[in-house]
Each structure stands twice: as C-alpha cells, then as structure tokens.
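S.K.: Return a 3D structure for these sequence lines:
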Amino acid sequence: MVVSAMSVTAWVTLLVTFAAAVIVPGPDTFLVLKLGLRSRSAALWGAVGIMTGNAVWTAASVTGLAALMLAMPALLPILQVIGAAVLGWMGIQGGRSAIRALRDRARVRASDRARELVTTGSVTIPLGEAAGADQPSSSPSVAGEPVAHPMRMGFLTNMSNPKALLFFTALFSQILPAEATTLDRALVLIALTIVGLAWFVSFALLTSSRGFQRWFGRATPVIDLCASVVFLLVAVVVVVELVLALL
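M.R.: Model (predicted):
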C-alpha cells in the first residue's frame, strides 16, 4: 500500500493557496473574458490552453527542474523579456482590432442616422451613399480580431509569465515535504490542474452565457481594448522591473 507523504493539512493549504492565486484577475482572466464574449467554444479552448501552460510551470517546479532553471541567473530575465514581448504583441494586436471595431460601429451608426434623415426628408443624401456607408470591414471574427486558435492564445498568455516558477517553487518548498514520492508529485500536478481548469472553465461558461452576452455583448470592443491595455501594462511593468534591476 502506497502512503502519501503529504498530510491533509498540507493538501488543503496547497489547494486553497493555489485557488486564491488563480482567481486573482490577470492576463489569463482577461483573455477568457475576451474569448467568452465571442463564443463558448473559444473561451473553453482558451481555458484549456491556459491550464496547459500552467501545467508546464507546475511540472517544472514539482520535479525540481525549476530550481535548476532558477540557479541560472540569466535565464529568468530572458524568459521575462520573451514573455513581455508576447504580451506586448497580443496587446497591440488586440488594441488595433478593438479600435477598428469601434470605428466600424461608429460608421454603422452614422449610416443608420443618415438613413433616418433620408426617410424623414430632413436632408437629401444619395441613397447609394447612405447604403454604402453601412459596410464595416470584413473580419473572420467578432470585433475584427484576426483568427488565432484560442488554445494557443491561452497557452502563450500563461507561458508569458515565467514568474510562475518563483511562485510554485516557493509554494512547494513550504508545503511539499522532502520525502514526497513520485506519486505525491504527480497527484499535486493533477490536483492543481483540475482546480485551475475548474475555475477557468466556470468563468468561460459565465462569460459566454446568454445573460452575460446580453449585458456585456455590446461592449465587446471596449472590453477588448481594456484587456489589451492590461496586456501592455503588464509587459511594460516587466520591462521596467528588469531595467531597474540592472541599475
């Protein structure tokens, strides 16, 4: 019979601490929010991608690989620069798409207003011109955002935060006993993945629900823009921290 080296208290502490960290809003949360306003499948795949990335960080930490990586001082800053670049790119792309969508919406509203004036006879506007104004730019997805597999987006968003290595390493050093077996470590990986997946899937179902869509669907471009700003701010903060560390 295999006996776990982890006590019930250790398990509860581990799961509660991780759940609290996952629930705190961040780039992952904003990504699921963006995807949820598009479709349920996109949000769910995004959640799977996020937790796939999270599982990579967890596995690296629980197996001791993270400790070896952190022993190389130059590695973490390099990973942070790469992560900041990914978040910055996603922020710029998302921001451009959101601004384009807002312009398209303004153009449609102007066209509708012009048609009303033509109908009431308040002003003379060529019907062809009024109709032609109601032609927002074509796009493969809502809000003009280029098509990208949601799972890949979720994975990249989560992997763009190499500081997760520090979090997991610190967490496991306090909770995971030195005599923890391979089974213990595997169970930790599975348990944390299930907890994280449960949260992000629940959030994906919420943001893609009809009620949520009814209240926030019209604000999709604005939410996209806010999410893009968050991505850019996180990227800027990472770069500033690295620069200050070098001074």
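S.K.: quick one: contacts for Gly26?
M.R.: By CB atoms under 8 Å, 6 or more residues apart in numbering, the residues touching Gly26 are Asn161, Val234. All C-beta atoms are positioned from the backbone trio N, CA, C, and that covers glycine.
S.K.: tell me the phi and psi of it?
M.R.: phi -160, psi -170 (degrees, to the nearest 10).
S.K.: how much space between it and Leu33?
M.R.: Taking CB to CB, to the nearest Å as the measure, Gly26 falls 11 Å from Leu33.
S.K.: what's the answer for Leu246, then?
M.R.: 34 Å.
S.K.: what about these two, which has more around it?
M.R.: More neighbours surround Leu33 than the other of Leu246 and Leu33, with 24 against 7 (other CB atoms under 10 Å).
S.K.: For that one, give me the pLDDT.
M.R.: You'll see Leu33 listed with a pLDDT of 93.
S.K.: do the same with Gln174
M.R.: Gln174 is assigned a predicted lDDT (pLDDT) of 87.
S.K.: what is the rounded mean pLDDT of stretch 99-118?
M.R.: pLDDT averaged over stretch 99-118 gives 76.
S.K.: Pull out the buried positions in it.
M.R.: Residues Arg100, Ala101, Leu102, Asp104, Ser111, Ala114, Arg115, Val118 are the ones in stretch 99-118 that count as buried (16 or more other CB atoms under 10 Å).
S.K.: Spatially, what comes nearest to the third one if we skip its sequence neighbours?
M.R.: By that I understand Leu102. Of all residues not flanking Leu102 in the chain, Pro221 sits nearest, at 4.8 Å (CB to CB, 6 or more residues apart in numbering).
S.K.: Spit out the contact partners of Leu189.
M.R.: Here Leu189 is in contact with Ala55, Thr58, Ala59, Val62 (criterion: CB under 8 Å, 6+ apart).
S.K.: Closest to Met69 out of these?
M.R.: Comparing the contacts of Leu189 against Met69 with CB to CB picks out Ala59 as the nearest, at 12.2 Å.
S.K.: That closest one: which element?
M.R.: Assigned by DSSP states H and E, Ala59 belongs to helix 40-62.
S.K.: residues making contact with that helix?
M.R.: The contact list for helix 40-62 (CB under 8 Å, 6+ apart) reads 28, 31-32, 35-36, 65-66, 69, 149-159, 164-165, 168-169, 171-172, 176, 185, 188-189, 192-193, 196-197, 200-201, 203-205, 207-208.
S.K.: Mind checking which of those are in helices?
M.R.: Judged by DSSP state H, helices contain the following of the contacts of helix 40-62: 28, 31-32, 35-36, 65-66, 69, 150-159, 164-165, 168-169, 171-172, 185, 188-189, 192-193, 196-197, 200-201, 203-205, 207.
S.K.: Give the ChimeraX command for selecting the buried subset of these.
M.R.: A single ChimeraX command selects the buried members of these (16+ other CB under 10 Å):
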select :28,31,32,35,36,66,69,150,151,153,154,155,156,157,158,159,164,165,168,169,171,172,185,188,189,192,193,196,197,200,201,203,204,207
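S.K.: Low-confidence stretches in this protein?
M.R.: 1-4, 112, 116-148 (pLDDT under 70).
S.K.: to the chain's geometric centre, what's the distance from stretch 103-113?
M.R.: Relative to the centre of its chain, stretch 103-113 is centred 30 Å away, using CA atoms, centre = their mean, to the nearest Å.
S.K.: All set, thanks.
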